[in-house]
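# Build me a model:
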Amino acid sequence: MELQEYIGNRYDGQFKKFILDEVNNVSQQSHIREITSIKEYLGKNQHKVNTRPNETFNGKEVEVERVTLNYAKTIIHFGVNFLLGKNPVQLSGKENVVKELNRTYKKGKYHKIDYKILNDLIRYGETFEYVYVKDGKIFSQIIDPSEAFPVYDPETNEMLAFIQYYHSDYTDFYVVFTEDIVYKYNNSQGEDIQLVNQRPNNTGLPIHYKTENESDSTRGYSELNDYIEIIDSMEHLLSKAVDGYYRHIMGTPVIIGQNLTNADIPKHGNGIGLRLDDDGDFKYVTNPFSHQAFKELYGTLKNALGDISSMPNVLLNGGSTISNVGDVAIESIFYLSLIKANLNSKYLQDGFEVRLDKIRSVLDMQGIVFDDDDYEATQFVFSPNMPKDDKQLVEIIDKLKGIGAISTETILDNVSFIDKVSEMERLANEGVNGEVNED
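Numbering: from 1, shown residues only. Alright, predicted model coming up:
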C-alpha cells in the first residue's frame, strides 16, 4: 500500500487530519507513555518506593525511608560499554569500499552515533536514525523515541511515513518524513497547524532500530521491563529494613503494673527514675529483626537481577573480586553478557545494513560508485570488551604470525589496546608488510 492510498482510505485524503490523528492515536500515545515513564524512572528517580506512605509511630507521623537503587543505570551503562565502549564497530571487506565508508564514518562521527543508538536501544527498546546530506557530507540525526510516530501499512507492517512530534515554547511542531519529501508543520500562527517548510528527501524514511517484541512486531521492547520489578522489591525491602532497624534500636517503653510516680514519662527523656508497685515491671518491647533472613532475601533478589540483566554478579556485587583466572573461566563468568551482546549486535546490524544502503545511494549521486560484489562483501565487526590476558594473547599471535597463519589486519582486530584504523594507515606509510621502508 502506498502512503497516498493509506491517507485516502483512512483520512479521506486530508493530509493534516492524517498528521494529527496519527499522533493522537491511542496505541501511539500508549507507547509514548511507556517511553516517558522510563525517562522519568531513569532521569527523575520516580521509583515505586517513593510512593510509600508515611507511618504513625508513638502518636506522631513519621517520615519513612525511601531508598532508591539506581541499578538500572549501572546495567545500561555496562551493556553499552561492554559492546561499544572500548572497541567501536569496524568495517571489513573490499579495500576500496571500506576506505570510502571509513572516510564517511569519520566525517559523520558515526562511532558516537552508534553509541547513542545502542544507548537508546537498551533503554527504550528502539530508536530512529535519519541519514541526511549537508554541504556534500553525510550525517545522521538520532530522533528521540518519545517524539517518534512511525506509520505502518496494517497488512505488511512496512513503514509508509514517519512523524516527529515535539512541543517547544508553547508551540507544537510536526516533521513529516515521506520517501520523497520532508514537511514541517507547526501551530505558531493559531490552533490549526500550517505548513512552514518542505524540502526534497534524498535518503528516504528514518531507520528503525528495535529489539524483539513478542506482542508488537512494529515496536521494540525495553529490557528494563524484565528487571525493574526486582529493583522495586529490593528498594522496598531495604527501605522497610532500615525503618525496622531503627524501631528495633528505639523500642517501645512498656510499664506493667501500677505506676506510683505521679508523672508522665517524657518521650525523649533519658535516665528518668520510675517508682513501681511490688508486682510492677518496666521494659522496652521490640519486634525481632532477623539480619540473616534479610541478607538471604536481599541476596537472592540481587542474584536474580544479575541473571536476568545478564550482568556478571562479580561486577554487580561490587565487593567481589577475581584473580588468577584463565580466559576460559572469565568467558564462563561473562557468558550471559556475551549472549546479550550478540543479540544487541544483531539488532544494530539490521539497522546498519539499511544505513549503508542509504550512504551508498548518496555516494552514487556524488559519482562514487561501488561494484555490487565489492559492496556486498562489507561486514560489521563487533569486539565486546571482554577481560583478556594481553600477555597470553600476544604470545599466541606471535606464534601464528611465525607460521604465516594470521594477517596484520586480523591481529589488529584482536588487540584491544591498538587503534586499528590509525595503525593500518601507519603501516601503509611504512610499507606493505608493516616494515619500515628505507628507500
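# rest of the way, CA atoms for contacts and neighbours
Will do.
# mind checking which helix or strand of this structure has the lowest mean pLDDT?
Counting by mean pLDDT, DSSP states H and E, the weakest-scoring helix or strand in the chain turns out to be helix 327-333, with a mean of 68.
# Low-confidence ranges, the chain, go.
Within the chain, the ranges that satisfy pLDDT under 70 run 58, 247-252, 257-278, 318-330, 388-390, 413-421, 431-439.
# how about the strands of the stretch 51-200 of the chain, start to end?
With DSSP state E, counting those that start in this stretch as the criterion, the stretch 51-200 of the chain has strands at 55-57, 60-62, 90-92, 126-134, 137-143, 148-152, 159-168, 171-177, 181-186, 194-200.
# With distance to S290 added, can I get those in CSV?
Shown next, in CSV, are those (distance: least, Cα to Cα, whole Å):
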stretch, distance to S290
strand 55-57, 21
strand 60-62, 23
strand 90-92, 53
strand 126-134, 44
strand 137-143, 50
strand 148-152, 50
strand 159-168, 52
strand 171-177, 56
strand 181-186, 61
strand 194-200, 66
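# Identify whichever of the ones you listed lies nearest to L363.
L363 sits nearest to strand 137-143 of all these, at 9.0 Å, using Cα to Cα.
# what's the spacing between that closest one and its chain's center?
Here the centre of strand 137-143 is set off from its chain's centre by 20 Å, with Cα atoms, centre = their mean, to the nearest Å.
# circling back to that earlier point, which of the strands of the stretch 51-200 of the chain sits closest to V381?
Between V381 and the strands of the stretch 51-200 of the chain, the tightest spacing by Cα to Cα is seen for strand 90-92, at 5.0 Å.
# Could you report the neighbour count for Q90?
By the criterion of other Cα atoms under 10 Å, Q90 has 16 neighbours.
# Isn't it up against P384?
No. Judged on Cα atoms under 8 Å, Q90 makes no contact with P384 at a distance of 11.9 Å.
# Name the nearest residue to N303, sequence neighbours excluded.
Spatially, and ignoring its direct neighbours in sequence, N303 is nearest to N313 (6.7 Å; Cα to Cα, 6 or more residues apart in numbering).
# and that neighbour, how many residues sit next to it?
N313 has 17 nearby residues by other Cα under 10 Å.
# Identify the residues contacting it.
Residues near N313 by Cα atoms under 8 Å, 6 or more residues apart in numbering: N303, G306, D307.
# Relative to E223, how far out is it?
To E223, N313 is 18 Å away according to Cα to Cα, to the nearest Å.
# what does P312 give?
Remark: distance between P312 and E223 (Cα to Cα) = 16 Å.
# now N157
23 Å.
# More neighbours: which of these two?
A side-by-side neighbour count of N157 and E223, using other Cα under 10 Å, places E223 first with 18 against 11.
# Let me see the domain layout of this protein.
Under the assignment automatic domain parsing, the domains of the chain span 3-210, 243-331, 388-439.
# Identify whichever of these lies nearest to D371.
D371 lies closest to domain 3-210 among those, at 9.0 Å (Cα to Cα).
# First-to-last residue distance for the closest one?
22 Å.
# Please tell me how far that domain is from the chain's geometric centre.
Between the mean C-alpha location of domain 3-210 and the chain-wide mean there is a distance of 13 Å, by Cα atoms, centre = their mean.
# Would you state the helices of the stretch 1-150 of the chain in chain order?
3-11, 15-23, 26-43, 71-80, 95-107, 110-124 (DSSP state H, counting those that start in this stretch).
# now do the stretch 251-400 of the chain
Using DSSP H, counting those that start in this stretch, helices in the stretch 251-400 of the chain cover 291-309, 313-316, 327-333, 335-365, 372-376, 390-402.
# So which of those is nearest K184?
With Cα to Cα, the closest approach to K184 among the helices of the stretch 251-400 of the chain belongs to helix 335-365: 22.1 Å.
# Show me what the closest one is packed up against.
Judged by 3 or more Cα pairs under 8 Å, 6 or more residues apart in numbering; DSSP states H and E, the packing partners of helix 335-365 are strand 126-134, strand 207-210.
# Would you mind putting these into CSV with mean neighbour count and distance to G108 alongside?
CSV is the format used below for the helices and strands packed on helix 335-365 (neighbours: other Cα atoms under 10 Å; distance: least, Cα to Cα, whole Å):
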stretch, mean neighbour count, distance to G108
strand 126-134, 19, 10
strand 207-210, 22, 16
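# right, so of the helices of the stretch 1-150 of the chain, which gets closest to L238?
helix 71-80 (13.8 Å).
# Give me the buried positions along stretch 38-49.
In terms of neighbour count (16 or more other Cα atoms under 10 Å), stretch 38-49 has its buried residues at I38, K39, Y41, L42, H47, K48, V49.
# repeat for stretch 23-38
Residues of stretch 23-38 classed as buried: V23, H31, I32, I35, T36, I38 (neighbour count, 16+ other Cα under 10 Å).
# repeat for stretch 339-352
So, applying 16+ other Cα under 10 Å, buried residues of stretch 339-352: K340, A341, N342, N344, S345, Y347, L348, Q349, G351, F352.
# centre of the chain versus that stretch, how much separation?
In terms of Cα atoms, centre = their mean, the centre of stretch 339-352 is found 13 Å from the chain centre.
# What lies in contact with it?
79, 82-83, 118, 207-211, 310, 380, 382, 384.
# if you set the cut-off to 10 Å instead, what comes out?
Stretch 339-352 is contacted by residues 79-80, 82-84, 89, 114, 117-118, 121-122, 125-126, 128-129, 207-212, 309-311, 334-338, 355, 358, 379-385 when judged by Cα atoms under 10 Å, 6 or more residues apart in numbering.
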